[in-house]
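>>> what's the 3D shape of this:
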Amino acid sequence: MSDFKDGRRVFLTAWLVYAAFWNPWLQSTMTKSLLDQAVSFVDTNEWALAHYNLYSTDAISLQGRWLTVHPPGLAWLVTPFYLLWRVLVGQAETAETFQVFNGFLVFVLAATSSAFAAVQVAWLARWLGAARPGQLWAAALFAFGTQSFVFGTMLLKEGLCGAAVVTSFRLAIEPGGFSRRTASGAVACVATAFTYQAGLLVPVLLALVGWREGRRPAMGFFLGCAPVLIALGIYNTVLFGLPWRTAYYFATAEAHFGFGMPTVTVLAGLLLGPEKGAGVLLYAPFLVLGLAGLARTGRLGRAGEAAAVGCFVVGLWLVVGAWQSEFHAHPFAGLTIGHRMLYPAIPLLAAFAGPLLEQIPVGWRLVCAMPSFFFSYLNVQAGFIPGGADQLPYALKTWISGTGMGVLFKEALPVWLGLDTLHTVVSRPDVSAEDLLRLLPTPEGFILIRNQLIFLVLNLAVLCCLAWFLRKLWAGSKEGEQRVRQ
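Okay, here's the model as predicted:
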C-alpha cells in the first residue's frame, strides 16, 4: 500500500463529500464575530469590530470598542485570506457580503482542514499498528461519524483546532529531528489560539517529547511554542491587561461566572447525555473503542504515548466539565456546547480506535459505526441547529421536510433561484405543518411539491456522480493491492 496514494484518496473523499454537503449560510455568531474581527482590522487598521450591528452577540465592549469574545486564532488566520478577497472581490460590509466570504472560507479552510485531519487520523492509526482496513475505518468514522462532518461543511474554530491537535501529536511522535519537534510545539500553540482548552496539549506533549527523546528535542518543542505563546501574551496584555487574561474574563465578570467544581451530572452528560447534543460517546459510539485502544496501546509498549493522550482526554473532559457546571447553575445554561468543546480530543480517540476496528466482528463494527454515521449526517443535513434541548427532534423535522437533502439543495439553491419548496415554506415562522398540509391539494401545493422534487433529483444526481468518482478513485487502490500480491 502506498501511504501517499491512500492519504490522497482519503483527503479527496472527505473534501468532496464535505463540498457536496456545503453549508453556505453564516449563522454562528461566534464565526461572525471572528470574521468581523479580521475584516475590520484590514479595512480600518484597528483591532475592533466595525460591523457589530450585524450580529450583536459574542462580543464585549471594552474601552470604547467592541472585540470578539473568542480566541483570536481564527481571526488571525482569516486576515490574509480577506486581504486577497478584498483585492479580487471587494470589501465585506453587509450581511450578504459576509455570507459570501464565509462560503468561500468553508471550502478553503473548513473542508480542507477537516479532510487533512482525516489523513492524520489514518496515519496515526497505522503508527498504532492498524493494517489498511483499520486505518481506513478510523479515517472514515472520524470524517463522517463525528463532528468533523459538521466542521467540514461550515466554518467553526473547533474544526481547525482538531486538525492542529492531531497534526501536533503526529509531529511529536514520528521519526524526525529537532525541527520536527519545533514544528510540533508551534502547531500545538496554534491549536491553543483557536480554542484555549486545547492548551492542555502543550505541557502533555512537552513531557512526552522529553520522556521519549531527552532534553534537546524537548527544548525544540518549547522553542516552537514560544512565538505563538508570546503573540497570545502580547494580545491579551494589550487588550485585557494581563498575558493570561482573556476576553472571557470580561464577558463573565458581571455575572461572577467562571470555573466551578465539575458535577457528576455534567461530566456524565458530556459523554452520554442527549441534552444539546453534548453526549460525545452517545452520538459517536465508536469512540468507546478509542478509549479501549488507549489501554491496549499502553500494554503494547507505548505507555508514554497512551498516557499522554489519556491525560489530554481526561484533562479536557474535567476542564470542560468545570466550565459547563457553571453554565448549568447559571442563566446562561442555554449556551452549553459540550460536544464542541471536547472536539480537540476526538481525532486522537478516533485514531486509537483504528487497530480495534479491524479486529472486532463486522456486526459489532457496524453497531458502532452506523449510529455514528447517522447522527453526523442528521446534524449536517439540518445545518446550524438553534440552541436548546430539542436538537435531535429539530434535526429529524428538517430531515422530513427537506426529504433528506443537505442545506445547499434544500435551502440555499431554492432561495438563490427564487423557487419555493415544501421545506422553504414550512420553515417560515408564520407557517405551521398544518398550514402546509392544507396547501398540498391546491395548485400552489403542487408547485411546491414539483420544485422540491426538482432539487431532490438534482441532489441525487450530484451524489450519484460523486459516488461514481469515488468508486473509480478507490478501485485503483484495489487493483494496485492485487498486483502487489501477485
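>>> so which helix or strand takes in residue 61?
Taking DSSP states H and E as the definition, residue 61 sits inside strand 59-62.
>>> so what strands line up beside that strand?
Strand 59-62 pairs in its sheet with strand 65-68 (antiparallel), by DSSP bridges.
>>> the partner strand: what's the following helix or strand?
Under the assignment DSSP H and E, the closest C-terminal helix or strand after strand 65-68 is helix 73-88.
>>> can you tell me which helices and strands that next one packs against?
Applying 3 or more CB pairs under 8 Å, 6 or more residues apart in numbering; DSSP states H and E, one finds that helix 73-88 contacts helix 29-44, helix 95-105, helix 157-173, helix 178-194. Where C-beta positions appear, they are placed from N, C-alpha and C, glycine not excepted.
>>> got TSV for these, with mean neighbour count and distance to residue 350 too?
Shown next, in TSV, are the helices and strands packed on helix 73-88 (neighbours: other CB atoms under 10 Å; distance: least, CB to CB, whole Å):
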stretch	mean neighbour count	distance to residue 350
helix 29-44	22	24
helix 95-105	18	25
helix 157-173	26	9
helix 178-194	23	16
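>>> now for those, which one comes closest to residue 208?
Closest approach to residue 208 among the helices and strands packed on helix 73-88 (CB to CB): helix 157-173, 6.2 Å.
>>> pLDDT on stretch 7-23, on average?
Averaged across stretch 7-23, pLDDT comes to 97.
>>> can you give the contact residues for that stretch?
The contact list for stretch 7-23 (CB atoms under 8 Å, 6 or more residues apart in numbering) reads 103, 106-107, 110-112, 114-116, 118-119, 122-123, 136, 139, 143-144, 149, 152-154, 380-381, 383-384, 406-408, 462-463, 466, 469-470, 473-474, 477.
>>> mind doing that once more with 6 Å?
Under the contact criterion CB atoms under 6 Å, 6 or more residues apart in numbering, stretch 7-23 has outside partners 111, 115, 118-119, 122, 139, 143, 152-154, 380, 383, 406-408, 466, 470, 473.
>>> put the buried members of those into a ChimeraX selection.
Filtering these down to the buried ones (16 or more other CB atoms under 10 Å) takes a single ChimeraX command:
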select :111,115,118,119,122,139,143,152,153,154,380,383,406,407,408
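>>> ok, longest helix in the protein?
Longest helix in the chain by number of residues (criterion: DSSP state H): helix 443-485.
>>> packing partners for it?
On a contact count with 3 or more CB pairs under 6 Å, 6 or more residues apart in numbering; DSSP states H and E, helix 443-485 meets helix 3-20, helix 422-426.
>>> buried sites along the first one?
Taking 16+ other CB under 10 Å as the basis for neighbour counts, the residues of helix 3-20 that come out buried are 6-7, 9-11, 13-15, 17-20.
>>> quick check, nearest of the residues you listed to residue 242?
Nearest to residue 242 among the buried residues of helix 3-20, with distances taken as CB to CB, is residue 18, at 39.1 Å.
>>> name the nearest residue to that closest one, sequence neighbours excluded.
Closest residue to residue 18 apart from its sequence neighbours, by CB to CB, 6 or more residues apart in numbering: residue 152 at 3.5 Å.
>>> same thing with residue 242?
The shortest distance from residue 242 to any non-neighbouring residue, by CB to CB, 6+ apart, is to residue 236 (6.5 Å).
>>> what angle sits between the host helix or strand of residue 117 and helix 157-173?
Using DSSP H and E, residue 117 sits within helix 112-127. Between helix 112-127 and helix 157-173, the angle comes out at 30 degrees (axes from the mean of the first three to the mean of the last three CA atoms, to 10 degrees).
>>> one step back: make CSV out of the helices and strands packed on helix 443-485 and add distance to residue 288.
CSV is the format used below for the helices and strands packed on helix 443-485 (distance: least, CB to CB, whole Å):
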stretch, distance to residue 288
helix 3-20, 23
helix 422-426, 35
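>>> got the domain boundaries for this structure?
By the assignment in automatic domain parsing, the chain contains the domains 3-382, 402-485.
>>> hey, least reliable of these by pLDDT?
domain 402-485 has the lowest average pLDDT among the domains of the chain, namely a mean of 86.
>>> distance between that one and the chain's centre?
Remark: domain 402-485 is offset 24 Å from the chain centroid, using CA atoms, centre = their mean, to the nearest Å.
>>> and for stretch 366-375?
Computed by CA atoms, centre = their mean, the separation of stretch 366-375 from the middle of its chain amounts to 18 Å.
>>> now that stretch: buried residues?
By 16+ other CB under 10 Å, the buried positions in stretch 366-375 come out as 368-369, 371-373, 375.
>>> mind checking how far the closest residue in space to residue 249 that isn't next to it in sequence is from residue 47?
Among residues not flanking residue 249 along the chain, residue 240 sits closest, at 6.7 Å (CB to CB, 6+ apart). As for residue 240, its distance to residue 47 is 12 Å (criterion: CB to CB, to the nearest Å).
>>> can you add distance to residue 273 and give the helices and strands packed on helix 73-88 back as TSV?
Converted to TSV, these look like this (distance: least, CB to CB, whole Å):
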stretch	distance to residue 273
helix 29-44	22
helix 95-105	30
helix 157-173	19
helix 178-194	25
